[in-house]
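1. here is my input; please provide its structure:
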Amino acid sequence: MTTCTTPPDNLPTYRLLTGPDDAAFCKRVSEAPGYELYGSPAATFNGERVIVAQAIVWPGAHRH
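-> Modelled structure (predicted):
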């Protein structure tokens, strides 16, 4: 099995996904190809709805 050391399509090794707290956001996080969750999610309220954020990292990427 070959392990890719960098994300495909020139994506960064660290990403912060953000958006409304809905099924579409959960799907984006769950389906991030090859990425792993990093840290805890964050949430805030913008006056109309809850906005969430989740950091994801590419496995094996150098982390500081």
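
2. which of the helices or strands spans residue 28?
-> For residue 28, the enclosing helix or strand under DSSP states H and E is helix 23-30.

3. same check, this time on residue 41
-> strand 36-45.

4. helices or strands up against whichever helix or strand comes after that strand?
-> Downstream of strand 36-45, the next assigned helix or strand under DSSP H and E is strand 50-57. Helices and strands touching strand 50-57, by 3 or more C-beta pairs under 8 Å, 6 or more residues apart in numbering; DSSP states H and E, are strand 14-20, helix 23-30, strand 36-45. Every residue, glycine included, has its C-beta placed from N, CA and C.

5. so which of those is the most packed in?
-> strand 14-20 (a mean of 14; mean count of other C-beta atoms under 10 Å).

6. just checking, what packs against that strand?
-> Using 3+ C-beta pairs under 8 Å, 6+ apart: strand 14-20 touches helix 23-30, strand 50-57.

7. give the pairing partners of that strand; include direction for each.
-> strand 50-57 (antiparallel) (DSSP bridges).

8. in the strand it pairs with, what counts as buried?
-> 52, 53, 54, 55, 56, 57 (16 or more other C-beta atoms under 10 Å).

9. what angle separates that strand from strand 36-45?
-> Orientation check (axes from the mean of the first three to the mean of the last three C-alpha atoms, to 10 degrees): strand 50-57 against strand 36-45 gives 160 degrees.

10. now do the contacts for the spatially most central residue of the chain.
-> Nearest to the mean C-alpha position of the chain, by C-alpha atoms, centre = their mean, lies residue 56 at 3.6 Å. By C-beta atoms under 8 Å, 6 or more residues apart in numbering, the contact list for residue 56 reads 14, 15, 16, 17, 29, 32, 35, 36, 37, 38.

11. and for residue 58, the neighbour number?
-> Residues lying near residue 58 (other C-beta atoms under 10 Å) number 23.
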